[in-house]
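>>> Requesting a structural model of the entry that follows:
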Amino acid sequence: MAPDHINNVERQLIDNLRAGTYNTNAGIGSGSAWTSSDVTVFGQFPSTDQVTYPCIITEIMSNGIQEQFMGQKVTYDGSTKVGELYGIAIRIHIAVDRASSITVSGAPYKERRLLNYLMLNCANVLNDCDFIGSESSTDTEVVQRTFSGFQDIGYNPELEIWAAMATMVIVFKNDR
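Coordinates of the predicted model:
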């Protein structure tokens, strides 16, 4: 059975966002921008009665074959397989309401300052995710990732919510 790369990518991104973990010292160590109780991470859009702030919402926008790099019916690893590069596009939303606050180095970060902090550290977390699962069969070999940066950054005065959105495309090796 082939590894479930799409769910592995999504799970690793959500887990790392929940913990706020990213690499430091050129990948030698790791740090944490927040703890799991500071930011709520949703794997899909929550209903209005479930949403809590500050929050990060991930949604898969698309997926599909980028290119076949080994062709059809190639024998390797003792069996006949198809080798290809497969891609997944994920949209990441950040939302902060007026009551949201995270303490950073002893100072409370609120509103637009908190949104800016979450955008930068979310980008760190997303770009440093290694996609290594708990078992070797769940490892996903990422060959490219493209992070668009946050855009559509704004404030809705009626809802008193600051928000931003980014897109990330992750391309990985897939054989079947």
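
>>> low-scoring stretches of the chain, by residue?
Along the chain, the model assigns pLDDT under 70 to residues 1-2, 24-30, 65-77, 132-138.

>>> just the helices in the chain please.
Counting by DSSP state H, the chain has helices at residues 5-19, 111-128.

>>> So for I170, which of these sits nearest?
Nearest of these to I170, taken as Cβ to Cβ: helix 5-19 at 5.6 Å. Bear in mind the C-beta positions are built from the backbone N, C-alpha and C, glycine included.

>>> helices and strands around the closest one, which ones?
strand 40-42, strand 55-76, strand 79-97, helix 111-128, strand 161-175 (3 or more Cβ pairs under 8 Å, 6 or more residues apart in numbering; DSSP states H and E).

>>> Switch those over to CSV; also include mean neighbour count.
What follows is these, written out as CSV (neighbours: other Cβ atoms under 10 Å):
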stretch, mean neighbour count
strand 40-42, 18
strand 55-76, 13
strand 79-97, 19
helix 111-128, 19
strand 161-175, 20
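
>>> could I get these as JSON lines with distance to N8?
Formatted as JSON lines, the entries for these read as follows, by distance: least, Cβ to Cβ, whole Å:
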{"stretch": "strand 40-42", "distance to N8": "17"}
{"stretch": "strand 55-76", "distance to N8": "13"}
{"stretch": "strand 79-97", "distance to N8": "10"}
{"stretch": "helix 111-128", "distance to N8": "15"}
{"stretch": "strand 161-175", "distance to N8": "9"}
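
>>> In contact with the closest residue to E111 other than its chain neighbours, which residues?
Of all residues beyond its chain neighbours, the one nearest E111 is W162 (6.0 Å), with distances taken as Cβ to Cβ, 6 or more residues apart in numbering. With contact taken as Cβ atoms under 8 Å, 6 or more residues apart in numbering, W162 is in contact with 95-97, 111-112, 114-115, 154-155.

>>> do the same with A123
147, 149-150, 166.

>>> go on, N16?
22, 125-126, 128-129.

>>> How about L118?
39, 54, 56, 94, 96, 164.
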